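Participant: Just to be clear, the model below is a prediction. Sequence and coordinates:
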Amino acid sequence: SQQGEEDPQALSIQEGENATMNCSYKTSINNLQWYRQNSGRGLVHLILIRSNEREKHSGRLRVTLDTSKKSSSLLITASRAADTASYFCATVYQTGANNLFFGTGTRLTVIP
Amino acid sequence: EPEVTQTPSHQVTQMGQEVILRCVPISNHLYFYWYRQILGQKVEFLVSFYNNEISEKSEIFDDQFSVERPDGSNFTLKIRSTKLEDSAMYFCASSEEWGQGAHEQYFGPGTRLTVT
């Protein structure tokens, strides 16, 4: 399966701390994307990292990609209560198709 | 900021009934997708659509499912005879481009389908 698998499944931190979530996948990818989902709501695109990129930043978000280990991490710095959500990685397989394969997600709780 | 919209937000139907879920993708996007998320499970790809035809579909997308772009703005998912296991959140997404270029998919808020 090309689907990503996140760990941890759940993470609880204090406001102001950093949160790190990891994603592993099994096959060669074209790109990897991170999404956020607030409870019962839609998926919000956070960041896309291509297979030839190693690190990408967007505001308080930092994503790394290690294709040799088939893994990615999402770091949220200086977390806020509003960051409480589920975070998913989604991979695009290297076939030319653009279908996203989602992982199981990490449930992040930021305690004010 | 442009966004993908979906209607209805919640649909309750009886087993065996037909349902149509509607989506309005972002206006300049050319590629459209349906995904579903059964409660507590992963988001799963159903189908992608470009130039008025299906580009890719998953094993889930069997003969009970169909998609259509009836006009220049709407994109619909039809389930002909719903089953209990079709109960899920259905997400529509769209993207500007396709293929080896990496392009973000933008998701709608979802339609929660409950089959009783």
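Facilitator: Okay, I see it.
Participant: switch to C-alpha atoms for all contacts and neighbour counts from now on
Facilitator: Noted.
Participant: and A:Asn31, what pLDDT?
Facilitator: A:Asn31 is assigned 90 on the pLDDT scale.
Participant: Can you name the residues bridging to it?
Facilitator: With DSSP bridges as the criterion, A:Asn31 is bridged to A:Arg50, A:Val92.
Participant: wait, what's in contact with it?
Facilitator: A:48-51, A:91-93, B:102 (Cα atoms under 8 Å, 6 or more residues apart in numbering or on different chains).
Participant: neighbours around A:Gly59, how many?
Facilitator: If you count neighbours by other Cα atoms under 10 Å in any protein chain shown, A:Gly59 ends up with 7.
Participant: typo on my end, B:Gln64
Facilitator: So B:Gln64, with other Cα under 10 Å, has 13 neighbours.
Participant: And it, its phi and psi?
Facilitator: phi -80, psi -20 (degrees, to the nearest 10).
Participant: wait, isn't it in contact with B:Ser81?
Facilitator: Yes. Contact status for B:Gln64 versus B:Ser81: in contact at 6.5 Å, counting by Cα atoms under 8 Å.
Participant: check contacts around A:Lys70.
Facilitator: A:24-28.
Participant: hmm, 10 Å instead?
Facilitator: Contact analysis of A:Lys70 by Cα atoms under 10 Å, 6 or more residues apart in numbering or on different chains lists A:4, A:23-29.
Participant: what do you get for B:Pro8?
Facilitator: Per Cα under 10 Å, 6+ apart, neighbours of B:Pro8: B:20-23, B:110-113.
Participant: let's go with 7 Å and repeat that
Facilitator: B:Thr111 (Cα atoms under 7 Å, 6 or more residues apart in numbering or on different chains).
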